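**Student:** Following is a predicted model, sequence given first.
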Amino acid sequence: MKVNINQELEVGKVTNKSLNDGAYINFQLFKKNQLSKKKETANKENLPIIHLNTLAQIIYEALKEYDSEDIPIIPTIIVIRENTVSGINNKGIYLIDFIKEILIPLNNIVEDDWNALKKESLSSLAIGYLIREEDNKQFKMNKIKDNAQEMILKMSKFIDLHGELKDIVIEKQLGDYKLPISFFQWISNKKI
C-alpha cells in the first residue's frame, strides 16, 4: 500500500464506533513549516516538557547514592499545570517511591500555598526539596541546606545531560509556606 504523507489516509473500516472504542491513538506531528513556531510557543500550547519515565530516571540517577531513610530531604515533583509531564495528568505535588516505582500525590496542600507557588513559578515543572518534619529536630538547618545543595548540583548535572532542559534554583524561607519545601529547582526547555 502506498501512502502520500501529505493527504489524509483513507481507511474504509473507520467508523464512529471504532473511534469511540479507542481503537485509534491520536498523535501530533511537527511539520517542517510549523516546527519553529511550535518551539517558540510550547509552554503556551501545553506541550509536555518531558516524559514521566525520563524525569523519574533523571531524579533516580541523581539520588541513587543516597539512603532514602538517612537523608533529611525528600525530593518531590511539582506540576503547576496539566500536560506538563507526559504521563502525569493532574497538577499537584508528588512524592516519588523508587521501590514501587510510583508517584504519590500530596493531598494536604493548603490552597494559599498552592496559589503562592503558582504565582512565583518560573516554569510549570519543578523538583521541590521537602524537609522531613522529624528531621527538623535531628539535623541542624545548615546540614539540611548542605544536603539540599549537594542534591541540587547532582540533579542539575543530570538535567543538563538530558540536553533539552535547563534548571533554575530558588531557595525559600521555610516560613513562606506551610509545606516545608526549602528549594525549588524549576525545569524548562532550553529553547523556550
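**Tutor:** Right, received. Where do you want to start? Numbers count the residues shown, from 1 in each chain.
**Student:** can you pull the buried residues of stretch 152-172?
**Tutor:** Residues of stretch 152-172 classed as buried: Ile152, Lys154, Met155, Ser156, Phe158, Ile159, Leu165, Lys166, Asp167, Val169, Lys172 (neighbour count, 16 or more other Cβ atoms under 10 Å). In this view, the C-beta of every residue, glycine as well, is placed from N, C-alpha and C.
**Student:** Is Leu47 in contact with Asn83, as I believe?
**Tutor:** Yes: here Leu47 lies in contact with Asn83, judged by Cβ atoms under 8 Å, at a distance of 7.4 Å.
**Student:** how about the strands of this protein, start to end?
**Tutor:** All strands of the chain, identified by DSSP state E, fall at 50-51, 73-79, 85-86, 92-97, 102-105, 125-131, 165-171, 181-189.
**Student:** most tightly surrounded among these?
**Tutor:** strand 125-131 (a mean of 24; mean count of other Cβ atoms under 10 Å).
**Student:** So which residues make contact with that one?
**Tutor:** Outside strand 125-131, the residues that touch it by Cβ atoms under 8 Å, 6 or more residues apart in numbering are 49-50, 55, 59, 72-80, 84-85, 93, 95, 144, 148, 151-152, 155, 174, 179-188.
**Student:** Show me the longest helix that occurs in the protein.
**Tutor:** helix 141-162 (DSSP state H).
**Student:** partners of Ala126 in the sheet?
**Tutor:** Ile78, Trp186 (DSSP bridges).
**Student:** Phi and psi next, for the closest residue to Val79 other than its chain neighbours.
**Tutor:** Using Cβ to Cβ, 6 or more residues apart in numbering and skipping residues adjacent in sequence, the residue nearest Val79 is Lys91, 4.9 Å away. When quoted as degrees, to the nearest 10, the phi and psi of Lys91 stand at phi -70, psi 160.
**Student:** Thanks again, I'm all set now.
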